[in-house]
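J.: model this:
(2 chains)
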Number of protein chains: 2
Amino acid sequence: MSIIVQKFGGSSVADAEKIHRAARRAIKAKLDGHQVVMVVSAMGKTTDKLVALAHEVNPNPPRREMDMLLTTGEQVSISLMAMAIQAAGHEAISFTGGQIGMITDASHTRARIRSIDADRIHRELDAGRIVIVAGFQGVTEEGALTTLGRGGSDTTAVALAAVLRAVCEIYTDVDGVYTTDPRIVPQARKMKEINYDEMLELASLGAKVMHSRSIEFGKKYNVPIHVRSSLTDTEGTMIVAQTAGMEDIVVRGVTLKRDLARVILIGVPNQPGIASRIFARIAENKLVVDDIIQNIVEHASEANIGFTTSKADAREARMVCEQLAREIGVRSVELDEDLAKVSIVGVGMKTHTGVAAKMFQALADARINIQNITTSEIVISCIVAAADGEKAVQVLHRAFELDKEQ
Amino acid sequence: MSIIVQKFGGSSVADAEKIHRAARRAIKAKLDGHQVVMVVSAMGKTTDKLVALAHEVNPNPPRREMDMLLTTGEQVSISLMAMAIQAAGHEAISFTGGQIGMITDASHTRARIRSIDADRIHRELDAGRIVIVAGFQGVTEEGALTTLGRGGSDTTAVALAAVLRAVCEIYTDVDGVYTTDPRIVPQARKMKEINYDEMLELASLGAKVMHSRSIEFGKKYNVPIHVRSSLTDTEGTMIVAQTAGMEDIVVRGVTLKRDLARVILIGVPNQPGIASRIFARIAENKLVVDDIIQNIVEHASEANIGFTTSKADAREARMVCEQLAREIGVRSVELDEDLAKVSIVGVGMKTHTGVAAKMFQALADARINIQNITTSEIVISCIVAAADGEKAVQVLHRAFELDKEQ
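T.: Numbering: from 1, shown residues only, chains lettered A, B, ... in the order given. Reported below is the predicted structural model:
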């Protein structure tokens, strides 16, 4: 009998009605002949509310106690889900992370899974029960409660699917992974399949379907992940290792990262260790760098070093850089607050040439100025003016014919 | 070094400010040289809200899942309390019931404590930490979460005090145990001491300071219990085995139980097993009987059998009795909905005569009609008209000179 792990996020269990809807979905899978494990998140905005409560009591809440607090959110959801399934006349049992032996390290608020004891789950499944597991949480060997950090419930679901050799269904408020944001390009198509690496890039480039950590987990253990809607029965998108005609599809999707800013240090002395000193200082101030931009001028005594960051961090980033500029003798610090990053993603890029040229030409034809370019094996990104962002996405979606069945 | 267990109820941890106030009290006890264990309840009305949520999902929620749900309330409180103490610069660590080995039987929603592993608590106390334990909860040997039922946090506190050989302080919104309700008798006095048995009777007669189960626990293990205010520093009431001049004080307190109703079956056939059949039916319908009233008429073929119950249950009790009446051939069923019970309590009664007579005379002098009398070793109760209830309390408080220092 095949096992399905179904994961329901906070918005899919936000109230009694939604809990019943999720319960019906699990029951249907069971009646279809599967053994069903559900992983549920905290209801709606519960986690945010608990975090706010903690900060009311202690502006710098200790991590161990934060985990003690936050794990209650999922515990509420699993008990209600079990009640809902039993109300519908089916057997169900809920478990905290600790109760199913989800052992993690002791890095509170960002723990890593060490092992999972699947025996208890198998026993309950074999007894005909739907098993409901609290997402996002585990325990240390010593029994302290831990949480897995952002995207933790997805990670729980994929990890469980790995040990149970199950398919993992991620129920969410979108019905799959699209070639781009349909709000920007109405012709955007839902993909039937996508490769783990492509999905990882889409996730890190701002597609909010799943957190990249759980996709990495899926890739490592080769777990088939089905991203689908909690509202409809239509098929979503399968995330797998090998997609049909994988090499033939050059570009799989287009992403837009908005609200970027760029800080450039102009005239940085060309000395060894300068770049590391700059980015160490940035990290000390807990500023998150998106991409690093460096204009290397050979044999020159000066260089320009810059980076993109979120608009929210931009002013502080400039202040930190201005302080640095005084210390190391940089000519000036420039800030551009109105930028966006448009990227194309596809595993097929590896084996096709001319992809970058086609991208740049398409943007040029639309009179969109490229302010910076970064590339990786399966991604090409261009920094453009914020005002050009959506247009750039539309142009690239059309240029690579993503609106057509592939 | 002496250990103090401090228990804070829901109203004493209802918001961030109150949590900080409770935290300061624990810190003060620590600075005074004690080792401190705190037991906390769920914040304010949390438990009620969770129960309502459960009923929204399932009108008849399974008990195991109810415990999974309700235990989250205390878990939130303990984490916030630990955060508050750490915010004040002191060391603290929180534990769920399971984490300190509070092992119970598997009677979900009303579990009984089997054992407590004090080692972990001693280790943390010896390391200089304030230990914060979730009240109301435990785990079975198999690791399922359980709750201890009504008054559960008091029970947790007293049980911990028993195994730690500690004094148990119960912080609440009243500043001790009074000779009667001060809202009825402004001259009511706070008692310095009270005996376990007297306190048990007061609790079962409606004094809401502590649940009787935790007092029984205290009596069994001889735990000194200090009931005191969470708002002031004044001494409260000590509940102990032996009070000073215990035998000399005939009446310790006067209680009033309001909103009682009485159902009487008139003309019940005088056959063996009839009474048991009546009260079995009452129990099946989950109606709670306060006192049983039976007029035995010797050699007669009929008797009158009745009982008092809460006003809320009265109509349903009458319906159940009317059905019964048809089945067993009872002449009629009478219902009186407007009654109250006034009681006097005191261990000294055992060794003094004339207490009942004095009570009846005092009520008669005030022209209060006694509708029924029930007695136990240390309690005498009279059923009176609801309208006479408060007056009866005032009269008895004066007659037994409870307003004077004893």
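
J.: Going by C-alpha atoms from here, please, whenever you check contacts or count neighbours.
T.: Fine.

J.: the helices in the stretch 251-400 of chain A, which residues?
T.: Applying DSSP state H, counting those that start in this stretch to the stretch 251-400 of chain A gives helices spanning A:274-284, A:311-328, A:355-365, A:389-399.

J.: can you tell which of those helices is closest to B:Ile225?
T.: helix A:274-284 (52.0 Å; CA to CA).

J.: Who are the contact partners of the residue in the stretch 201-350 of chain A positioned nearest to chain B?
T.: Of all residues in the stretch 201-350 of chain A, A:Ser230 sits closest to chain B, at 18.4 Å by CA to the nearest CA. Contacts of A:Ser230 were listed using CA atoms under 8 Å, 6 or more residues apart in numbering or on different chains, and they are A:8, A:12, A:22, A:171-173, A:175.

J.: Just the ones of the residues you listed in strands?
T.: A:8, A:171-172 (DSSP state E).

J.: Out of those, which comes closest to A:Asp32?
T.: Nearest to A:Asp32 among the ones in strands among the contacts of A:Ser230, with distances taken as CA to CA, is A:Tyr171, at 17.9 Å.

J.: circling back to that earlier point, which one of the helices of the stretch 251-400 of chain A has the most crowded surroundings?
T.: With neighbours defined as mean count of other CA atoms under 10 Å in any protein chain shown, the helices of the stretch 251-400 of chain A peak in mean count at helix A:389-399, which reaches a mean of 21.

J.: Alpha carbons of it, as CSV, please.
T.: Extracted C-alpha coordinates of helix A:389-399, given in CSV (Å, rounded to 0.1, in the frame of the first residue of the first chain):
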residue,chain,number,x,y,z
GLY,A,389,10.8,45.0,-13.9
GLU,A,390,7.4,43.8,-14.9
LYS,A,391,7.9,44.7,-18.6
ALA,A,392,11.2,42.7,-18.5
VAL,A,393,9.4,39.7,-17.3
GLN,A,394,6.7,40.0,-20.0
VAL,A,395,9.3,40.4,-22.7
LEU,A,396,11.4,37.4,-21.6
HIS,A,397,8.3,35.2,-21.1
ARG,A,398,7.4,35.9,-24.7
ALA,A,399,11.0,35.7,-26.1
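
J.: how close does A:Cys325 sit to A:Gln271?
T.: Quick fix: residue A:325 reads Ala, not Cys. Going from A:Ala325 to A:Gln271 by CA to CA, to the nearest Å gives 14 Å.

J.: And for A:Gly236?
T.: 52 Å.

J.: Check A:Ile282 too.
T.: Taking CA to CA as the criterion, A:Ile282 is separated from A:Gln271 by 18 Å.

J.: Please apply the same query to A:Glu401.
T.: For A:Glu401 relative to A:Gln271 (CA to CA), the value is 46 Å.

J.: So those two - more neighbours on which side?
T.: A:Glu401 (13 against 10; other CA atoms under 10 Å in any protein chain shown).

J.: in the stretch 101-250 of chain A, which spans are helices?
T.: A:119-126, A:152-164, A:196-204, A:212-221.

J.: Put together JSON lines for the contacts of A:Ser230, with distance to chain B, neighbour count and pLDDT on each row.
T.: Below are the contacts of A:Ser230 laid out as JSON lines (distance: CA to the nearest CA, whole Å; neighbours: other CA atoms under 10 Å in any protein chain shown; pLDDT from 0 to 100):
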{"residue": "A:Phe8", "distance to chain B": "17", "neighbour count": "27", "pLDDT": "96"}
{"residue": "A:Ser12", "distance to chain B": "15", "neighbour count": "25", "pLDDT": "92"}
{"residue": "A:Ala22", "distance to chain B": "12", "neighbour count": "25", "pLDDT": "96"}
{"residue": "A:Tyr171", "distance to chain B": "20", "neighbour count": "26", "pLDDT": "94"}
{"residue": "A:Thr172", "distance to chain B": "21", "neighbour count": "20", "pLDDT": "88"}
{"residue": "A:Asp173", "distance to chain B": "22", "neighbour count": "17", "pLDDT": "82"}
{"residue": "A:Asp175", "distance to chain B": "26", "neighbour count": "21", "pLDDT": "88"}
